[in-house]
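Trainee: Provided below for reference: sequence and predicted model.
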Amino acid sequence: MSSLTEIRWHGRGGQGAKTAALLLADVAFSIGKYVQGFPEYGPERMGAPITAFNRISDTQIRVHSNIYDPDFVVVVDETLLHGVDVTNGLKKEGGILINTALSKEEIRPLLKGYEGAVYTIDAHDVCMKTLGKYFPNTPMLAAIVKVSGVMEPDVFLREMEASLKHKFAKKPEVLQGNMKALELALQEVC
Amino acid sequence: MDNTFNFKEIQEREDRLAPGHRMCAGCGGTIAARNVLKAIHPGDRAVIGNATGCLEVSTFMYPYTAYEDSYIHTAFENAGATMSGVETAYNALKKKGKIDETYKFITFGGDGGTYDIGLQSLSGAMERGHDMVYVCYDNGAYMNTGIQRSSATPMYADTTTTPAGKVSNGKPQYRKDLAAIMAAHNIPYVAQTTFIGNMKDLYTKSEKAIYTPGPAFLNIMAPCPRGWRYNAPDIIDICKAAVETCYWPMFEIVEGKWSISYEPKNKLPIEEFLKSQGRFKHLFKPENEHLIAEYQAEVDRRWEELRARCE
Amino acid sequence: MSLKVKDINEQTRWQDLHMGLHVYEPATSKTFDTGEWRTNTPVLDMEKCRQCLLCVPYCPDSSIPVKDGKRGEFDLGHCKGCGICVSACPFGAITMKEGK
Amino acid sequence: MAVKERMSGNEAVAYAMKQVNPDVMPAFPITPSTELPQFVANYIANGEMDTEFIPVESEHSAMSAAIGASAAGARTMTATSSAGLALMWEVIYVAASTRVPITMAVVNRALTGPLNINCEHSDSMGARDSGWLQIYAENNQEAYDNFLQAYRIAEHKDVMLPIMICQDGFITSHAVENIELIEDEKVKPFVGEYHPEHFLLNPRESMAVGAYAVSNYCMEAKKAHAEAMKNAKQVILDVAKEFAEISGREYGLFEEYKLEDADYAIVAIGSACGTAKDAIDKLREQGVKAGLLKVRVFRPFPAEEMVEALKNCKSIAIMDRCESYSSQGGPLGAELMAALFRGKSKAEAVNIVYGLSGRDIRVEDVEKIFADLADIAEHGVGNTSTGDVTSNGAGDTYRYLGLRE
């Protein structure tokens, strides 16, 4: 694989897919990568399908188009599989990561014959066990880091802890919950 | 605030609106601007703003400014916004210690630039609470462009866009009550006045407006001999008639409290105001008697409404 | 750019006009003769004038100078001859004569 | 040491605004520039800058208040996009002719209609003849750098003109990318304090602004304005040179990318230039002599310099992210074509309208344009066979990119 990794996120307005893309850019930046994180903009409101993008590279990124042939796709809400062509252009050397409680075998028929790797994680389950609330972007972020290999999981955890420590300086319990969610997601994604 | 009214001392103050401007002979707008500016205490500094209109094109025709103070005009509909920028710059520069002097901010607009096209900009400036005075010299039509109706034009006035004709009696609508709209902004000072007697009312209201912290609005009836079609020297009688008929009530609203500044002892019939102006000539045809009766009813209604507000 | 307004006229080169047509002097209109517009001229009868100064605030052209509590002669360099001062005077001290 | 950061184009410009800390900012929100007044308001709320923010009730009032503040002697900024800039239309002319050095961050967005919030240059291009300086950015870094240079250019005594610092709506304004920020200790002395020669609040002189002027003065005033615009060219270069000393980043009136020996050149503005560079690198590997001229300064328009830079090209595609409805192409096309004619250029040139209302432009699209350019160079514009990329048909100098037909 070249030094450039392109990731496309599919989510619904309000679920945090855009935030997750920006967080991924953040954490990749923190280990010295060149990054891009941007959503596709429109007038969509809560619940509407939205797309966000990441480019992560060892060299400067100049291209400013959307991503049409991503290395990886992240689906934050499995209900999107019915209405959105999430595997469009997805490289078969790459893979798709889906937030679902279903097994890979159950999911694959919904992927329009996509031949590449399929990864799943039950983000709801991870969230409930660790945060007590459903914030799918947290486990999805950890899962895509592992799946895409853009950075080592332990480096990722270290950087996230540093960043969350700063963000939740006054709420150590939130920091703890988030870190647990990230750790569990790294284990659970398969 | 200096509440004494020393007429002679005030007349002796240097004019802040200098002669040599190109306003029409007998212009009421100029009388308004000149007397408002006299209320700035000697020694205080000011920046004068202006909406595009007669006053602007006549008082600052390059390279001749009629203003002793600094002056700014940018466009027709934005005098409120422009001055809010100046006032904010003053606060910024003062905060940074770049100026020590005290400035007052006064902006003039005709009724076109104030009641109509500039209303949004004025409303914004008042609502934001800039420490400035907005003065409308209300001559009741777009005089600069040739006497087109405005929302300040009196009912039945013959203007170039509401001509009195075979089947028309001039402007169908009554005037917009801008002072009430400004009062609804809950600004500390709103007043309405015109040229009466020794101008004490205009002076004291201007002084209050200028020296009350926060936004203030003055509405000054400023007759236009050309648009209203009267002989220039009749301006004094016309202003008097406007007030005595209660067509143009003199009142002020201080911190939300309404009060009438002058109550006529014997309220005169509206004809007294209408009759000397060519723009109302058609109302005096025998068949139009009912129009004057309607006019009287509307003036009465509004006057009673004002009195009720002042109780 | 150091031209004064008195040195600016409609023949001035573009290089010598003020940037943005600003003016950096106060009340330069005083140098402009609006008295030339006048077709009728106010005449003050000092005998009748009681120095009440009521005419002063009504003058649209700031053409009635006041000094030491007393009004002076009309500033005919600027008076446009509107005649409002005639109406303002309670003592009949001002009359209009035809012409300048 | 420069500060390595990652931020969106809007965050970057807001950060520059914080570092410059102008005296006054009147602004009204409009997508996609809304974040700028929001960021500034937040900086102020947290005591990180002490600009006086005026939350005006419209863009017309934003520009009106900006003129008032700037004329009064305050360093002034605002921000807008699209319809907001259109609503300012009347007063942007007033700002320029009043010679007040306001800086306006423009986040480019399509003008209606149909109503659309995405990137297009129709807003600022529509204002191209208003007498403002205009500088465009490819990415967040340039938007930031340009904003830091803006006041030095606008307030220069030979210029004294307002300036638009433009970037592509959403494409750069909302994309998080790497950036190098300059330390406050370097920015402050570089930008310096604003000491206007004349201003309304000068207690030592009265100043009148906004004259009515008769014809015998107006034309002379406009000539002086036009001359100031000419002067700006050298000032922009001088300021860029000084900026390079604190940043290490060099800027000219435009950027030449692999242009020196290029047979085929694209001339473009904004974020598409980054995409074009990737395409050019790919083509160069294949031996195609492709190059780019990225317009940075559109006002003043560096006509002679651009013609000189393009003098060895066989064919040129002038790219407009804006339709002029002139039936001849877009504004960059019109002006550069005229310049090429005046410069007696022998190159074949076409004007391609692309990316309207946020329509994406990809590396592949740029590669196809270069394929067309090779064809055009060989056969002449009127005799080319390829018409698949650019509509209106091969042979037309005025084409659309990526249009469905």
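Mentor: Received, thanks. Note that this is a predicted model, so its numbers are computed, not measured.
Trainee: Which part of chain C gets nearest to chain A, residue-wise?
Mentor: As assessed by C-beta to the nearest C-beta, chain A sits closest to C:G20 within chain C, at 38.6 Å. Bear in mind the C-beta positions are built from the backbone N, C-alpha and C, glycine included.
Trainee: so what pLDDT did A:P172 get?
Mentor: At A:P172 the predicted local confidence, pLDDT, stands at 88.
Trainee: go on, C:L3?
Mentor: In the prediction, the pLDDT value recorded for C:L3 is 88.
Trainee: Could you count how many residues lie near residue 145?
Mentor: I went with chain A, as the question did not name one. 25 (other C-beta atoms under 10 Å in any protein chain shown).
Trainee: other chain: chain D
Mentor: The local packing of D:D145 (other C-beta under 10 Å) involves 26 other residues.
Trainee: what sits against it?
Mentor: Listed by C-beta atoms under 8 Å, 6 or more residues apart in numbering or on different chains, the contact set of D:D145 reads D:A137, D:F243, D:S247, D:R249, D:Y251.
Trainee: Name the residues of chain D found near chain A, please.
Mentor: Residues of chain D that fall close to chain A, judged by C-beta under 8 Å from any C-beta of the partner chain: D:6, D:8, D:32, D:117-118, D:138-139, D:168, D:170-172, D:174-178, D:271-272, D:274-275, D:277-278, D:358, D:360-363.
Trainee: thinking again about what came up before, I'd assumed D:S97 was in contact with the residue of chain C closest to chain A.
Mentor: Yes - with contacts counted by C-beta atoms under 8 Å, C:G20 reaches D:S97, the gap being 6.4 Å.
Trainee: Identify the contacts common to these two.
Mentor: Common neighbours of C:G20 and D:S97 are listed as D:A221, D:H225 (criterion: C-beta under 8 Å, 6+ apart).
Trainee: still on that earlier bit, looking at the contacts of D:D145, which is nearest A:H64?
Mentor: If you rank the contacts of D:D145 by distance to A:H64 using C-beta to C-beta, D:A137 comes first, at 11.3 Å.
Trainee: Distance of the closest residue to B:G28 other than its chain neighbours relative to D:G126?
Mentor: Leaving aside its chain neighbours, B:G28 sits nearest to B:A222 (3.7 Å; criterion: C-beta to C-beta, 6 or more residues apart in numbering or on different chains). Counting by C-beta to C-beta, to the nearest Å, the gap between B:A222 and D:G126 amounts to 39 Å.
Trainee: Settle it for me: which of those two has more neighbours?
Mentor: When B:A222 is set against D:G126 and neighbours are counted by other C-beta under 10 Å, the residue ahead is B:A222, at 28 against 17.
Trainee: Test my guess that the more buried one contacts B:M143.
Mentor: No - with contact defined as C-beta under 8 Å, B:A222 and B:M143 do not form a contacting pair (9.8 Å).
Trainee: From the contacts of D:D145, list just the buried residues.
Mentor: By the neighbour-count criterion of 16 or more other C-beta atoms under 10 Å in any protein chain shown, these include these buried positions: D:A137, D:F243, D:S247, D:Y251.
Trainee: Using JSON lines, lay out the residues you listed together with pLDDT, secondary structure and distance to A:L24.
Mentor: Compiled in JSON lines, the buried ones among the contacts of D:D145 are given as follows (pLDDT from 0 to 100; DSSP: H, G, I helix; E, B strand; the rest coil; distance: C-beta to C-beta, whole Å):
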{"residue": "D:A137", "pLDDT": "98", "secondary structure": "coil", "distance to A:L24": "25"}
{"residue": "D:F243", "pLDDT": "98", "secondary structure": "helix", "distance to A:L24": "32"}
{"residue": "D:S247", "pLDDT": "98", "secondary structure": "helix", "distance to A:L24": "28"}
{"residue": "D:Y251", "pLDDT": "98", "secondary structure": "coil", "distance to A:L24": "31"}
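Trainee: is chain C contacted by stretch D:44-64?
Mentor: No - for stretch D:44-64 and chain C, the contact criterion (C-beta under 8 Å from any C-beta) is not met; the two come no nearer than 15.8 Å.
Trainee: Stretch B:226-237 now?
Mentor: Yes - with C-beta under 8 Å from any C-beta as the threshold, stretch B:226-237 lies in contact with chain C, specifically through B:N231, B:A232, B:P233, B:D234, B:I235, B:I236, B:D237.
Trainee: Report all helices and strands that the helix or strand the last one falls within contacts.
Mentor: Under DSSP states H and E, the secondary-structure element containing B:D237 is helix B:235-244. Packed against helix B:235-244, as judged by 3 or more C-beta pairs under 8 Å, 6 or more residues apart in numbering or on different chains; DSSP states H and E, are the following elements: helix B:271-274, helix C:84-88.
Trainee: out of these, nearest to B:I72?
Mentor: With C-beta to C-beta as the yardstick, what comes closest out of these is helix C:84-88 (29.2 Å).
Trainee: For the closest one, give me every contacting residue.
Mentor: Under the criterion C-beta under 8 Å, 6+ apart, residues B:26, B:31, B:232-237, C:42, C:54-55, C:58-60, C:64, C:94-96 lie in contact with helix C:84-88.
Trainee: If any of these are buried, give me the PyMOL selection for them.
Mentor: Entered in PyMOL, the line below selects the buried ones among these, by 16+ other C-beta under 10 Å:
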select buried, (chain B and resi 26+31+232+233+234+235+236) or (chain C and resi 42+54+55+58+59+60+64+94)
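Trainee: What about the contacts of helix C:84-88, which are in strands?
Mentor: Residues from these lying in strands, with DSSP state E as the criterion: C:P42, C:I94, C:T95, C:M96.
Trainee: Identify the residue nearest the residue of chain A found nearest chain C in space, chain neighbours excluded?
Mentor: Here the residue of chain A nearest chain C is A:H64; by C-beta to the nearest C-beta that distance is 38.6 Å. The shortest distance from A:H64 to any residue that is not its chain neighbour, by C-beta to C-beta, 6+ apart, is 4.0 Å, and that residue is D:S271.
Trainee: what number of residues lie near the one you found?
Mentor: The burial metric for D:S271, expressed as a neighbour count using other C-beta under 10 Å, is 32.
Trainee: Okay, B:Y90 and B:M83: tell me how far apart.
Mentor: B:Y90 is 10 Å from B:M83, where distance means C-beta to C-beta.
Trainee: Between those two, which contacts overlap?
Mentor: Shared contacts of B:Y90 and B:M83, counting by C-beta under 8 Å, 6+ apart, come down to B:V47, B:F105.
Trainee: Could I get the full set of helices for the chain?
Mentor: Looking at chain A here, since you left the chain open. Taking DSSP state H as the test, the helices found in chain A are A:17-30, A:80-83, A:104-107, A:123-130, A:137-148, A:153-167, A:172-188.
Trainee: ah, I was thinking of chain C
Mentor: C:55-58, C:84-88.
Trainee: so of those helices, which one's packed in deepest?
Mentor: Comparing those on average neighbours per residue, with mean count of other C-beta atoms under 10 Å in any protein chain shown, the densest one is helix C:55-58 at a mean of 24.
Trainee: Is it positioned near chain B?
Mentor: Yes - with C-beta under 8 Å from any C-beta as the measure, helix C:55-58 is seen reaching chain B through C:V56, C:P57, C:Y58.
Trainee: Could you do stretch D:102-110 as well?
Mentor: No - under the criterion of C-beta under 8 Å from any C-beta, stretch D:102-110 makes no contact with chain B; the nearest approach is 10.0 Å.
Trainee: Which residue is the nearest non-sequential neighbour of the residue of chain C positioned farthest from its centre?
Mentor: Ranked by distance from the centre of chain C (C-alpha atoms, centre = their mean), the top residue is C:Q15, with 31.8 Å. Of all residues not flanking C:Q15 in the chain, D:A224 sits nearest, at 7.3 Å (C-beta to C-beta, 6+ apart).
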